[in-house]
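*Asks:* here are the coordinates; sequence isn't available:
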């Protein structure tokens, strides 16, 4: 696929070192892949494409993208298998899933496998770019101001290094889990509704699918509260609250 020149007047997200954000677009529909690539190049980003799972895995290892747009319906490998292999190589790589399926269980399967967000075909290019920008911000791929250390009880979160510890034990989180925990820790003892969490963590109304909040709260509990006094509490009918143990 031929490269397009970036719009020189576009002011978009860039890496902390000033270089363009790198995005890998994986889709076997060449016309759709080209449209997506054109839209993302208008963001000032460097884009590469892959038409199938095998080449996507190879491209990811060589190109080392900052984010991936991944179609789950590929001609060779199952898209979820491609996602798992990418996650094995780069555990914190932001991945935006493309799917023609709109059943909740299909979306949950993709997110459980390691995807950070998804869009259902047909989608608008503007919406795709918006969600990808949000993923890059959450993963702190793009330049941002220096952070600080948040402390709630024996739980600490370093916004700059992205390190999380509870009781001195290191905890590994995905980009979305980290952003969710950061929001909870910035609002200790405050009950946060699912709508508030959707708006802050996902930066849009996730199609009204509040179950994604429940899913990621469960992920956090398994990592933060496992075999410990719980800090994340459900306030039935109201939302969630983080309190010192």
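*Replies:* Here it is on my side, so go on. Since the model is a prediction, treat every value here as computed from it, not as a measurement. Numbering: from 1, shown residues only.
*Asks:* Name the next helix or strand downstream of the lowest-mean-pLDDT helix or strand in the chain, please.
*Replies:* Within the chain, no helix or strand scores below helix 104-112, which has a mean of 73 by mean pLDDT, DSSP states H and E. Next in sequence after helix 104-112, counting helices and strands by DSSP states H and E, comes strand 117-120.
*Asks:* That next one packs against which elements?
*Replies:* Counting contacts by 3 or more Cβ pairs under 8 Å, 6 or more residues apart in numbering; DSSP states H and E, strand 117-120 packs against strand 95-99, helix 104-112, helix 125-138. For every residue, glycine as well, the C-beta is placed using N, CA and C.
*Asks:* buried sites along the least confident helix or strand of the chain?
*Replies:* 106-107, 109-111 (16 or more other Cβ atoms under 10 Å).
*Asks:* Contacts for stretch 94-111 next, please.
*Replies:* For stretch 94-111, the surrounding residues in contact (Cβ atoms under 8 Å, 6 or more residues apart in numbering) are 27, 66-73, 79-80, 83, 86-87, 114-121, 123, 128, 131-132, 135-136, 138-139, 141, 175, 209, 211-212, 215.
*Asks:* start to end distance for it?
*Replies:* With Cα to Cα, to the nearest Å applied, stretch 94-111 spans 11 Å between its terminal residues.
*Asks:* quick one on the thing from earlier: and the contacts of stretch 94-111, which are buried?
*Replies:* Applying 16+ other Cβ under 10 Å to the contacts of stretch 94-111 flags 27, 66-72, 79-80, 83, 86-87, 114-119, 128, 131-132, 135-136, 138-139, 141, 175, 209, 212 as buried.
*Asks:* Quickly note the distance from residue 25 to residue 55.
*Replies:* 12 Å (Cβ to Cβ, to the nearest Å).
*Asks:* what about the strands in this protein?
*Replies:* With strands called from DSSP state E, the chain shows them at 22-26, 46-50, 67-71, 95-99, 117-120, 149-152, 155-158, 164-166, 169-171, 232-235, 239-242.
*Asks:* Which among those strands is found nearest to residue 223?
*Replies:* For the strands of the chain, the distance to residue 223 is smallest for strand 169-171, at 5.3 Å, taking Cβ to Cβ.
*Asks:* what comes up buried for the closest one?
*Replies:* Buried, per 16+ other Cβ under 10 Å, within strand 169-171: residue 171.
*Asks:* ditto for stretch 225-236
*Replies:* 225, 231-232.
*Asks:* out of the buried residues of helix 104-112, who's nearest residue 171?
*Replies:* For these, the nearest to residue 171 is residue 111 (19.6 Å; Cβ to Cβ).
*Asks:* which one of residue 25 and residue 55 has more residues nearby?
*Replies:* Neighbours per residue, other Cβ atoms under 10 Å: of residue 25 and residue 55, the larger number sits with residue 25, 29 against 14.
*Asks:* Can you spell out which residues form a bridge with the more buried one?
*Replies:* residue 49, residue 69 (DSSP bridges).
*Asks:* ok, it touching residue 37?
*Replies:* Yes - Residue 25 is in contact with residue 37 according to Cβ atoms under 8 Å; the separation is 5.5 Å.
*Asks:* Low-confidence ranges, this structure, go.
*Replies:* The model of the chain has pLDDT under 70 over residues 1-12, 101-104, 106, 140-147, 203-210.
*Asks:* tell me the phi and psi of the residue nearest the centre of the chain?
*Replies:* With distances taken as Cα atoms, centre = their mean, the chain has residue 116 as the residue nearest its mean C-alpha position (3.4 Å). Residue 116 has phi and psi values of phi -90, psi -20 when expressed as degrees, to the nearest 10.
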